[in-house]
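# Predicted model and sequence below, questions to follow.
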Amino acid sequence: MNAKLSKFASLFFLSLLLAACSADKQMPAGASAQAEFSVAAASPGPAQTPVPAVTGQPLVVPVPSPSPGQPEQPASSPLIAAAPSPGSEEAHPLQKYMDAVHGDMRGDLLFSAKQDLDLDGYEEIVLGYGDLDQADPQYSRVSELHVLRDRDGKIEELTHDFEGGYQKLGFKLIRLQGLRQTFIYCDLTNDAGMTGFMVLEISGDQVLRKVYSAAATGQGEDALLDNNGDGQYDGYVQYRADYSTFYYSLDRTYEMESGEIVLKETKVGIPEYPQEIKDVILQYLSLSALQVEQSPETEERLALLRIDKDGTEITGEDLSGWREALEGYHSEIQFDIKQDGLASEAFLTYTEDDNKPQTQEHTMQLHLVKAAAGWQIDGLEIP
């Protein structure tokens, strides 16, 4: 009997336990599920930033302008007006200025900019036309330049000295060290052995050359420099080595000082001291005719070549005549040299081109002595 009661009690408790588990499984989880959903709903997804559509090249970025006639501070960067994409029907942002230029427009619009360049409170508009180089647009040549001013809605065209000379390309707006205004820059080339540049400035109603650096002979390399890397140009260099320098290499360095370009240094590639009497005379004439400035090595060599400091100087028409002779344009210099031990006499004659209206003969008499350095000129006379 006791055994049956014990078995019945065990079955009873087991049934109660099973019932409790079944009830727990059927209980709705509304409260906890609702809390999880609320948290998820309260956490927004990543913000969606609208992306503007790209429609061709960038246009002019508007910058607040000062009141007319009131100067402004120079902009940190020039405003360049890019043309709409090829095939686009969108009007050029500077179209009204393009319609106002005087003369015939030749070719494509290669460069355009709008900015108050001279800081007088009125904006200037720069338009450069030419032939587009399809293969490499940066080498497109500008053949026609127009600079206009927008004065309270009245468009004026400024006069300029742009025509002629070498081919022009690579236009941009630049700043020069220590100057507040903005300048127009372009590269110069003859598509051969010459590279140079030009910097234009606005002065009143004119566009003038601030800097022009290009070899007249068609051979040379000139470049504008930003030595301290602050985005403002502070100098430039010139390299020459042709018949105009009698094939001496000349490197000139210019720097900005108080708003002006100043020659600071000229390095001349001078060969070893000549040993022959004729070569001594030719080197003296060449370095004298070059009239090199800011060149200590040239001054030092001239002081060795000629030791009579107070003797006759070669000047005026004589200097021009001997320079022409050295350049090789006309008949050669005739030398009559007589040596006597450590002394020598030399008589030089040069006759200018007979095609000139008036033939002119240049003569020179020199006395030289042999010293430790070599032959040196200790006397010079021009009859």
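Looks like it arrived, so ask away.
# So which elements touch the helix or strand where residue 251 lies?
For residue 251, the host element (DSSP states H and E) is strand 250-257. For strand 250-257, the packing partners by 3 or more C-beta pairs under 8 Å, 6 or more residues apart in numbering; DSSP states H and E come out as strand 235-240, strand 260-268. The way it works is simple: take the backbone N, C-alpha and C, and place the C-beta from them, glycine included.
# Next one, pLDDT for residue 69 please.
Residue 69 is assigned a pLDDT of 42 by the prediction.
# ah, wrong one, I meant residue 299
97.
# Ok, residue 155 next?
Per-residue confidence (pLDDT) for residue 155: 96.
# Surely it and residue 100 touch.
Yes - counting by C-beta atoms under 8 Å, residue 100 is a contact partner of residue 155 at 4.5 Å.
# and the next element down the chain from the lowest-mean-pLDDT helix or strand in the chain?
Ranked by mean pLDDT, DSSP states H and E, the helix or strand of the chain with the weakest confidence is helix 30-42, at a mean of 30. Following helix 30-42 in sequence order, the next helix or strand is helix 95-98 (DSSP H and E).
# Now that next one: buried residues?
97, 98 (16 or more other C-beta atoms under 10 Å).
# What's the mean pLDDT across that helix?
Per-residue scores along helix 95-98 average to 92.
# Give me the phi and psi for residue 311.
phi -80, psi -180 (degrees, to the nearest 10).
# Give me the nearest residue to it, chain neighbours excluded.
Ranked by C-beta to C-beta, 6 or more residues apart in numbering and with sequence neighbours excluded, the top spatial neighbour of residue 311 is residue 380, at 5.1 Å.
# The host helix or strand of the one you found packs against which elements?
Residue 380 is part of strand 374-381, with elements assigned from DSSP H and E. Counting contacts by 3+ C-beta pairs under 8 Å, 6+ apart, strand 374-381 packs against helix 277-290, helix 296-305, strand 361-371.
# ok now that strand, how far from the chain's centre?
Relative to its chain's centre, strand 374-381 lies at 45 Å (C-alpha atoms, centre = their mean, to the nearest Å).
# relative to strand 361-371, how tilted is it?
140 degrees (axes from the mean of the first three to the mean of the last three C-alpha atoms, to 10 degrees).
# Give the buried residues for stretch 236-251.
Buried-residue list, stretch 236-251, by 16+ other C-beta under 10 Å: 236-242, 244-246, 248, 250-251.
# Off-centre distance for the helix or strand hosting residue 168?
If you go by DSSP H and E, residue 168 is part of strand 167-174. Centre-to-centre, strand 167-174 and its host chain are 8 Å apart (C-alpha atoms, centre = their mean).
# Surely residue 187 and residue 197 touch.
Yes - contact criterion C-beta under 8 Å: residue 187 and residue 197 qualify, at 5.5 Å.
# which residues touch residue 293?
By C-beta atoms under 8 Å, 6 or more residues apart in numbering, the residues touching residue 293 are 263, 266.
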